[in-house]
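Visitor: how would this look folded up:
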Amino acid sequence: MLERLRSALPSRTTGLEAAATRVFLEAISTNDFSRIVGRFAQAKVPKPLLRAVIAWYVKQYKVDLSEVADPIESFETFDAFFTRTLKPGIHVVDPDPDVAVSPVDGRVLNVGRVAEGRIDQVKGRSYALDELLDSAPDTAVYAHGWYITLYLSPRDYHRIHSPADGKITRFRYVPGRLYPVNAMGVNNVDRLFAVNERLITHIDGPLGKFAVVKVGATNVGLITASYTDIRTNSGRRTHYDEALRRPVKIARGGELGQFHLGSTVVLISERPDLVPVPMNPGDFFRMGQRLLRRS
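Guide: I've put the predicted structure just below:
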């Protein structure tokens, strides 16, 4: 894990510090580096060693073990622990048919209306919607909607869910770099979420269309989907776009996929009248809590 090393570096830098930070970011953002980390996370190691690693991780990142569905001793790999499920009742999906819910457990990085085809990354930095979605037709669909960016910290639950009832109609894989998505990355890498690898799931339902953009990051050697067998960061540098011949029906809160070592989701809604509930950067939402509602 690089979180401790990253946190030791300034989140915003100037001069020599900025140059050193950039060198560090470039060094750890290669796909090969994250694939190596991913292999270690998925390797079967002696149980005493695995339990020690998990115990260190739990203490370091303050993971709430009371929420975990399975006993720690049952996990065969660190990746299995990282993608753990939680006990029934931890996530309560809002039943109101006029709301869209959070697809993850995460903190709000930013929220707003798509303006002139751009999305805010942080104050003073933005990126183009068409870069993020990598598709001119999709950009036109979401050009007047709202976006919410949610950051998943190392302690969080790392499965991704549907924000609304509907059907999964398409998915798109966009290869890219794997910069860290913490404060250091967000504050120092231009267009971060549009240059990192991402897997985009398109959902169409009673509340309109949604793009659930799952953004890869350093140490995220893999993002998997629950509705197809696609796996990101596999070593192939080819864009992949598939319209499902048989759209997959999914309920609000149904599982879309998993992050295998932390990252970020950018949720985009096409409808301008589906507005965010009151929220501020830094607010934490659990999967299933309402994020958007009809105005």
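
Visitor: helices of the stretch 1-150 of the chain, start to end?
Guide: 3-8, 15-28, 31-42, 47-61, 78-82, 129-133, 136-141 (DSSP state H, counting those that start in this stretch).

Visitor: now this protein, which segments are flagged as low pLDDT?
Guide: Per-residue confidence for the chain (pLDDT under 70) gives these ranges: 1-15, 18, 21-40, 123, 219-221, 233-238, 262.

Visitor: what's residue 215 sitting at in phi/psi?
Guide: phi -100, psi 120 (degrees, to the nearest 10).

Visitor: do you know how far it is from residue 194?
Guide: Computed as Cβ to Cβ, to the nearest Å, the residue 215 to residue 194 distance reads 9 Å. Heads up, the C-betas are built off the backbone N, CA and C, glycines and all.

Visitor: ok, those two, which is more surrounded?
Guide: residue 215 (29 against 23; other Cβ atoms under 10 Å).

Visitor: can you count the residues close to the nearest residue to residue 77 once chain neighbours are set aside?
Guide: Spatial nearest neighbour of residue 77, excluding adjacent residues (Cβ to Cβ, 6 or more residues apart in numbering): residue 42 at 5.4 Å. Residue 42 has 16 neighbours, counted by other Cβ under 10 Å.

Visitor: if I pick residue 42, what's in contact with it?
Guide: Residue 42 makes contacts with 77-79, 260, as judged by Cβ atoms under 8 Å, 6 or more residues apart in numbering.

Visitor: just these now: which is nearest residue 16?
Guide: Nearest to residue 16 among the contacts of residue 42: residue 260, at 34.9 Å, using Cβ to Cβ.

Visitor: which residue is the nearest non-sequential neighbour of the closest one?
Guide: That would be residue 222: by Cβ to Cβ, 6+ apart, it lies 4.1 Å from residue 260.

Visitor: is it correct that that neighbour is in contact with residue 214?
Guide: No. Under the criterion of Cβ atoms under 8 Å, residue 222 makes no contact with residue 214, lying 11.1 Å away.

Visitor: tell me which of those two has more neighbours.
Guide: Higher neighbour count among residue 222 and residue 214: residue 214, with 27 against 21, using other Cβ under 10 Å.

Visitor: quick check: phi and psi at the more buried one.
Guide: phi -90, psi 120.

Visitor: report the contact partners of the closest residue to it other than its chain neighbours.
Guide: Excluding the flanking residues, the one nearest residue 214 by Cβ to Cβ, 6+ apart is residue 199, at 4.7 Å. When contacts are counted by Cβ under 8 Å, 6+ apart, residue 199 touches 171-174, 213-214, 216, 223, 225, 230, 232, 257.

Visitor: helix or strand for residue 199, just tell me which one.
Guide: Element membership for residue 199 (DSSP states H and E) is strand 198-205.

Visitor: chain center to that strand: distance?
Guide: In terms of Cα atoms, centre = their mean, to the nearest Å, the centre of strand 198-205 is set 13 Å apart from its chain centre.

Visitor: now swap in stretch 119-133 and tell me
Guide: On Cα atoms, centre = their mean, the centre of stretch 119-133 falls 16 Å from the chain's centre.

Visitor: one more: stretch 267-276?
Guide: On Cα atoms, centre = their mean, the centre of stretch 267-276 falls 18 Å from that of its chain.

Visitor: of the contacts of residue 42 - the most surrounded one?
Guide: Neighbour counts for the contacts of residue 42, by other Cβ under 10 Å, peak at residue 260, which reaches 27 neighbours.

Visitor: could you double-check that that residue lies in contact with residue 223?
Guide: Yes. Shown here, residue 260 and residue 223 form a contact pair, counting by Cβ under 8 Å, at 6.9 Å.

Visitor: and the biggest strand by length in the chain, which strands flank it?
Guide: The single longest strand within the chain, with elements called by DSSP state E, is strand 240-250. If you go by DSSP bridges, strand 240-250 pairs up with strand 166-174 (antiparallel).

Visitor: quick one: list the elements packing against the next helix or strand after the strand it pairs with.
Guide: Tracing the chain past strand 166-174, the next element assigned as helix or strand by DSSP H and E is helix 183-188. Contact analysis of helix 183-188 by 3 or more Cβ pairs under 8 Å, 6 or more residues apart in numbering; DSSP states H and E lists helix 15-28, strand 118-122 as its packing neighbours.
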